[in-house]
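S.K.: Got a predicted model here, sequence first, then my questions.
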Amino acid sequence: MPPVQKINVSVIVFDLLMERRKSLQILKEIIIHMNLVHKNDKTSLVLLHSKETSDSDHPNISVAFIDRTYGLDLCTMVEEAKIGENGNWLDALVVGANILGGYSDVKGVHTSQLIFITDMKQELTESKESSDLIDFIREKYIYLYVIGPDVQIPVCLSDKTDISKCVKAMDLEDNKSWNLLKEILVETEGIVCGADFGLDFLQYYVEVIEKQQWLEPLTFKGFPFPTKTSRIMDTQNLPKLNPIDRPRCRYYLEEDEEQEIAAGDVVKVYYFLDRIIAIPKICRESFAYRGPRHFTLIGFINSCDLPEVYLAGGEIHSVQVDPENYKYKAFVALVQATKKANKLGLALRSYNANNAPRLYVLIPLDNKFHMVPHAEVIKDDVDISEPSEKDYAKGDLVEQYRDNLRELSLNTRPLHPTLEAGPFHKLYVRNAVRIFVDGETNERPQEEANDNMNELEASPKVSVEKSEPEHKEAKVSSDEDDEW
């Protein structure tokens, strides 16, 4: 049986007294973000300061729905909700946490997220003890996010462990409501941020879903090591919209572009020695790779003989042996010998049977290898030569760049780039809200389109002359006019 699919579950606690346009924008971006990144995740909606009450113990707090996928009907429910008297936001968090507690025994649930959309401008209606809520959030491993207040992140966050330190250092209002919230956030390692950074934390401040391990043993001179290979880093893919109906491929004669050819009459041909050869499908298998799934260490090279330009892939894998296995010491001895000799391993890997093998480089650490793809094709125009003496002679320019690089310290940014959702991801989300949710069809203003780049260029730097980009119209021949 395939493994149980891992999902995240959340409860959105929505403050109905927050400025509606701002709060709805946050909610819409969360919905679009979750549909692009985690479309199978489940959520529930709790309304704070509602006219309706779901539980008499928590007045003016209503549960709109429980355990549904992210959809735009959340926005409809918020817009139609009637505002009542002031509720207690601590009670609303208790209601949301109790809903998440119901998932504790459900298989496949990976991260429980309690998302509180508020501006924190409403005082507590009555003082209540927060220790039970803190203990419950800790026990159930719930991540608490407070999104919407106008607060500043005082330090550059480069790692998840920095977040609790960040909240302690925040200069928040000194009143009963804020003091209680800060206590809860510090004790539960939660986060409070403005709308600009909400998506960043929702994407990266979660439990990391580990990739499924590849268990093919690494073989060296006929000796198999029971290695476990896991992907530990990968390139970030941009979100994309997948059309339900893909455009149908059409074929035309080269001599007569108006004459369409049926797909069944199209023959696959190959160019070989300036000749065009049609090869029947039954014969094509002769040109395909056939072989078993394998992982073989074929040799070693000096680490100085492999320029970084040859490491072309975007992913990094970890190759290691379980310390409880009796072959662990032999594997560690191989790793340490490789490291001591200042060598790198070269391995061939076929992920599945009949997959063409790829060449990888094994970089030795203390007790494991890190594996990166070896470039199979190097462009001729790649220059890996040493700079000439003439290049070193421009001392003034070098000093100028050094001074500017000091000013471009990452400490001037609230979030390290590794914790940011990325400007293009946010652009996708905000455009989707604007076009699909709000129904705007006008062209996006140029200055608004450059907002993300302006954020990246906010720090001082060496001046660079920019040229206006060319706008070219792309034409696609298909049955659909608007393919994404």
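M.R.: Received, thanks.

S.K.: how's this structure carved up into domains?
M.R.: 1-209+395-484, 224-235+293-373 (automatic domain parsing).

S.K.: which stretch in those has the least confidence?
M.R.: In terms of mean pLDDT, the lowest-scoring of the domains of the chain is domain 1-209+395-484 (a mean of 78).

S.K.: on that earlier part again, which of the domains of the chain sits closest to Glu216?
M.R.: domain 224-235+293-373 (4.5 Å; C-beta to C-beta). To be clear about C-beta, it is placed using only N, CA and C from the backbone, and glycine gets the same treatment.

S.K.: Dump the domains of the chain into TSV; add mean neighbour count and distance to Val269 as well.
M.R.: Formatted as TSV, the domains of the chain follow (neighbours: other C-beta atoms under 10 Å; distance: least, C-beta to C-beta, whole Å):
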stretch	mean neighbour count	distance to Val269
domain 1-209+395-484	16	22
domain 224-235+293-373	16	22
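
S.K.: Could you export the ones you listed as CSV, including distance to Leu215?
M.R.: As requested, the domains of the chain are exported to CSV (distance: least, C-beta to C-beta, whole Å):
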stretch, distance to Leu215
domain 1-209+395-484, 13
domain 224-235+293-373, 6
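
S.K.: Identify whichever of those domains lies nearest to Ala263.
M.R.: Closest among the domains of the chain, using C-beta to C-beta: domain 1-209+395-484, at 13.8 Å.

S.K.: would you list every one of the helices in the chain?
M.R.: For the chain, the helices defined by DSSP state H occupy 20-37, 73-80, 89-101, 131-139, 162-169, 176-188, 198-204, 281-284, 328-340, 389-392, 395-407, 423-432, 446-449, 451-456.

S.K.: So what's the gap between the second one and the chain middle?
M.R.: Right, the one you point to is helix 73-80. On the basis of C-alpha atoms, centre = their mean, to the nearest Å, helix 73-80 sits 28 Å off its chain's mean C-alpha point.

S.K.: same check, this time on the fourth one
M.R.: Helix 131-139 sits 28 Å away from the centroid of its parent chain (C-alpha atoms, centre = their mean).

S.K.: and that helix, what other elements does it pack with?
M.R.: Contacts defined by 3 or more C-beta pairs under 8 Å, 6 or more residues apart in numbering; DSSP states H and E place helix 131-139 against helix 89-101, helix 176-188.

S.K.: Can you say which of these is nearest to Ala356?
M.R.: helix 89-101 (45.9 Å).

S.K.: Next, the angle helix 176-188 makes with the closest one.
M.R.: Orientation check (axes from the mean of the first three to the mean of the last three C-alpha atoms, to 10 degrees): helix 89-101 against helix 176-188 gives 30 degrees.

S.K.: what's helix 89-101 in contact with?
M.R.: Contact with helix 89-101 is made by 9-13, 15, 44, 46, 48, 54-55, 57-59, 61, 63, 66, 112-114, 116, 118, 120, 122, 124, 128, 130, 132-133, 136-137, 140, 142, 144, 177, 180, 184, as judged by C-beta atoms under 8 Å, 6 or more residues apart in numbering.

S.K.: OK, contacts around Asp174?
M.R.: By C-beta under 8 Å, 6+ apart, Asp174 has no neighbours at all.

S.K.: and if we set it to 10 Å?
M.R.: Asp174 makes contact with Lys182, according to C-beta atoms under 10 Å, 6 or more residues apart in numbering.

S.K.: again, but for Arg293
M.R.: Trp214, Glu216, Arg349, Ser350, Tyr351, Asn352, Ala353, Asn354, Asn355, Pro357.

S.K.: With Glu123 instead?
M.R.: With C-beta under 10 Å, 6+ apart, Glu123 has these contacts: Asn86, Asn88, Trp89, Asn175, Lys176, Ser177, Trp178.

S.K.: what do you get for Glu260?
M.R.: Contacts of Glu260 (C-beta under 10 Å, 6+ apart): Arg250, Tyr251, Tyr252, Leu253.

S.K.: Closest one of those residues to Tyr328?
M.R.: Using C-beta to C-beta, the contacts of Glu260 come closest to Tyr328 at Tyr251, 57.4 Å.

S.K.: Run through the bridge partners of that closest one.
M.R.: Ile261 (DSSP bridges).

S.K.: Quick check: it vs Glu260, distance?
M.R.: 7 Å (C-beta to C-beta, to the nearest Å).

S.K.: cool, and Asn352?
M.R.: On the measure of C-beta to C-beta, Asn352 and Glu260 end up 38 Å apart.

S.K.: I'd like to know how far Ser23 sits from Phe223.
M.R.: Taking C-beta to C-beta, one finds Ser23 at 62 Å from Phe223.

S.K.: Tabulate the contacts of Glu123 (a markdown table), appending distance to Cys304.
M.R.: Shown next, in a markdown table, are these (distance: C-beta to C-beta, whole Å):
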| residue | distance to Cys304 |
| --- | --- |
| Asn86 | 69 |
| Asn88 | 65 |
| Trp89 | 60 |
| Asn175 | 62 |
| Lys176 | 63 |
| Ser177 | 61 |
| Trp178 | 57 |
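
S.K.: quick revisit: list the ones among the contacts of helix 89-101 that fall in strands.
M.R.: 9-13, 15, 44, 46, 48, 61, 63, 66, 112-114, 116, 142, 144 (DSSP state E).

S.K.: Export only the CA atoms of stretch 107-116, formatted as PDB.
M.R.: Output in PDB follows, covering the C-alpha atoms of stretch 107-116 (Å, rounded to 0.1, in the frame of the first residue of the first chain):
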ATOM      1  CA  LYS A 107      -2.900   9.500  10.500                       C
ATOM      2  CA  GLY A 108      -1.200  11.700   7.900                       C
ATOM      3  CA  VAL A 109      -1.600  15.000   9.800                       C
ATOM      4  CA  HIS A 110       1.800  16.700   9.700                       C
ATOM      5  CA  THR A 111       1.500  20.300  10.900                       C
ATOM      6  CA  SER A 112      -1.400  21.900  13.000                       C
ATOM      7  CA  GLN A 113      -1.600  25.600  12.300                       C
ATOM      8  CA  LEU A 114      -3.700  28.100  14.400                       C
ATOM      9  CA  ILE A 115      -3.900  31.300  12.200                       C
ATOM     10  CA  PHE A 116      -5.200  34.400  14.000                       C
END
